[in-house]
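Participant: Got a predicted structure plus its sequence, pasted below:
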Amino acid sequence: MTTARPLDQRRIDTLATLAANGQGWLATAGIGPDGTPQPHVIAVSTTWAGDAILVTTRAGTPTARNLDATGRARLVLGTPDDVVMLDLAASAAAHAIPATGDDPATVAARATFTAAQGWDPADKSPDWRYHHLRPTTIQAYRGYGELGDHVLMKGGAWRSA
């Protein structure tokens, strides 16, 4: 069993994981064509924008439709023995930003994402969109020793030690 890290160290480690702009799994849910709830999971490249996660997907996909409908997602980064799990809410002012155009939100999202990921969705197709997602809850743990006290953020506010 691993020794639990102090809360401050877990926050530092979590911010480092977010700043690494890695890949993860983004889960959303919506109502399917038959009227029943339908979960959907995709692999995504993530970009930490200091207070929010920036992801991109094409318009009209199940993920885009679910984010449009609910504004909610869950992102999981890491491995089962070193995980960061974020519950996310779409930023009302900066949700579903087109990948092309010269409006300030598009220019900023495009520059941030392209610098972090090394590719520009607008080069692939004009129907890509950026989604600006703010964490509401963050859980992080390494092994079973940290499962009892793994919530680092709740209600959008970091816990203090």
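Facilitator: Yep, that arrived.

Participant: Go through the chain and flag its longest strand.
Facilitator: For the chain, the longest strand by residue count, based on DSSP state E, is strand 128-141.

Participant: can I assume D102 sits in a strand?
Facilitator: No - read with DSSP: H, G, I helix; E, B strand; the rest coil, D102 is coil and lies in no strand.

Participant: Can you give me the neighbour number for it?
Facilitator: Per other Cβ atoms under 10 Å, the neighbour tally for D102 reads 7. All C-beta spots, glycine's among them, are computed from the backbone N, C-alpha and C.

Participant: for A89, same thing?
Facilitator: 17.

Participant: The lowest-mean-pLDDT helix or strand in the chain - contacts with which helices or strands?
Facilitator: Here the helix or strand of the chain ranked lowest by mean pLDDT, DSSP states H and E is strand 97-98, holding a mean of 80. The contact analysis (3 or more Cβ pairs under 8 Å, 6 or more residues apart in numbering; DSSP states H and E) places strand 97-98 against helix 104-117, strand 128-141.

Participant: What lies in contact with it?
Facilitator: A105, T106, A109, R129, Y130, H131, H132 (Cβ atoms under 8 Å, 6 or more residues apart in numbering).

Participant: Of the helices and strands packed on strand 97-98, which is nearest L86?
Facilitator: L86 lies closest to strand 128-141 among these, at 4.7 Å (Cβ to Cβ).

Participant: so where do the strands sit in the chain?
Facilitator: Taking DSSP E, the strands of the chain run over residues 23-31, 37-45, 47-48, 53-58, 72-79, 82-90, 97-98, 128-141, 151-154, 157-158.

Participant: now the first one and strand 53-58, what's the angle there?
Facilitator: Okay, so that is strand 23-31. 60 degrees (axes from the mean of the first three to the mean of the last three Cα atoms, to 10 degrees).
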